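Enquirer: Pasting a predicted model and its sequence here:
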Amino acid sequence: GGEPGALLSLRTGLLAAMGDFIGVNALLDVVPGYADHADLLRVEVDTRLLTGDVSRACQMAHPHIQRQGAVYWQTLSIFCQALRGQHEAALLGLSLLEELGVNDPVYFQLVDAIIGGVKSPVVGSLADPTPLHLAVARVASAQLPVDVISSNRPGVLRAIAFSPNAAPELRLEAAE
């Protein structure tokens, strides 16, 4: 029973959590019309963010952002606007998020840095980074703080291990 996409979401979510990004893409390749399934779409977008394929993540998310009011899609959308140089739209988006009570100082700081052209902003702490945090930090060339590896998500740790903006010793520790 249950909806057909639910089991698939679970499987792709598990593969993504384990850091098996090739497995995720292979599984999604055989699913017809999964773009209508928000959970699956989110797994793929997260996977793209973790592997540094930000432009594709933005392309994929674009048609869905209007339909899905979730904060996840809004925060992604604002990041994509900042990347495309749509600074006014991105700033407006940030102020709307603040009004909604979204409390994510690192995200706000890094998107502001991208919009303002601030080079290598310093992030004090990011204990449980999301794929979006890591993508935004990478684009902003922010040095990842030491506590990012307190994450227990292998997919996130794997992304940190390959992250050009993490210190070498941090990358090694994440890889272990």
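Expert: Everything's here; your move.
Enquirer: Look up how far residue 80 lies from the residue positioned nearest the centre of the chain.
Expert: Centroid-nearest residue in the chain, with Cα atoms, centre = their mean: residue 132, separated by 2.1 Å. From residue 132 across to residue 80, the span is 10 Å (Cβ to Cβ, to the nearest Å). (Glycine included, C-beta is placed from N, CA and C.)
Enquirer: same deal with residue 96?
Expert: For residue 96, the distance to residue 80 - Cβ to Cβ - is 15 Å.
Enquirer: returning to what we had before: isn't the residue nearest to the centre of the chain right next to residue 107, touching?
Expert: Yes - contact criterion Cβ atoms under 8 Å: residue 132 and residue 107 qualify, at 7.2 Å.
Enquirer: Mind listing the shared neighbours of those two?
Expert: residue 75 (Cβ atoms under 8 Å, 6 or more residues apart in numbering).
Enquirer: which residues does the residue nearest to the centre of the chain contact?
Expert: Residue 132 sits in contact with 46, 49, 72, 75, 76, 79, 107, where contact means Cβ under 8 Å, 6+ apart.
Enquirer: Same list as before, those residues that is, but in a markdown table and with distance to residue 88, pLDDT and secondary structure included.
Expert: As requested, the contacts of residue 132 are arranged in a markdown table below (distance: Cβ to Cβ, whole Å; pLDDT from 0 to 100; DSSP: H, G, I helix; E, B strand; the rest coil):
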| residue | distance to residue 88 | pLDDT | secondary structure |
| --- | --- | --- | --- |
| 46 | 27 | 89 | helix |
| 49 | 24 | 91 | helix |
| 72 | 22 | 88 | helix |
| 75 | 17 | 93 | helix |
| 76 | 18 | 93 | helix |
| 79 | 15 | 95 | helix |
| 107 | 19 | 96 | helix |
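Enquirer: Quick check: the farthest pair among those residues?
Expert: Largest separation among the contacts of residue 132 by Cβ to Cβ: 46 and 107, giving 14.7 Å.
Enquirer: Name the residue in the two with the higher neighbour count.
Expert: residue 46 (27 against 22; other Cβ atoms under 10 Å).
Enquirer: ok so, going back, neighbour count winner among residue 96 and residue 80?
Expert: Between residue 96 and residue 80, residue 80 has the larger neighbour count (other Cβ under 10 Å), namely 21 against 12.
Enquirer: so the more buried one touches residue 61, yeah?
Expert: Yes - the criterion here is Cβ under 8 Å, and residue 80 meets it with residue 61 at 6.9 Å.
Enquirer: for the record, mean pLDDT for stretch 156-172?
Expert: What stretch 156-172 shows for mean pLDDT is 86.
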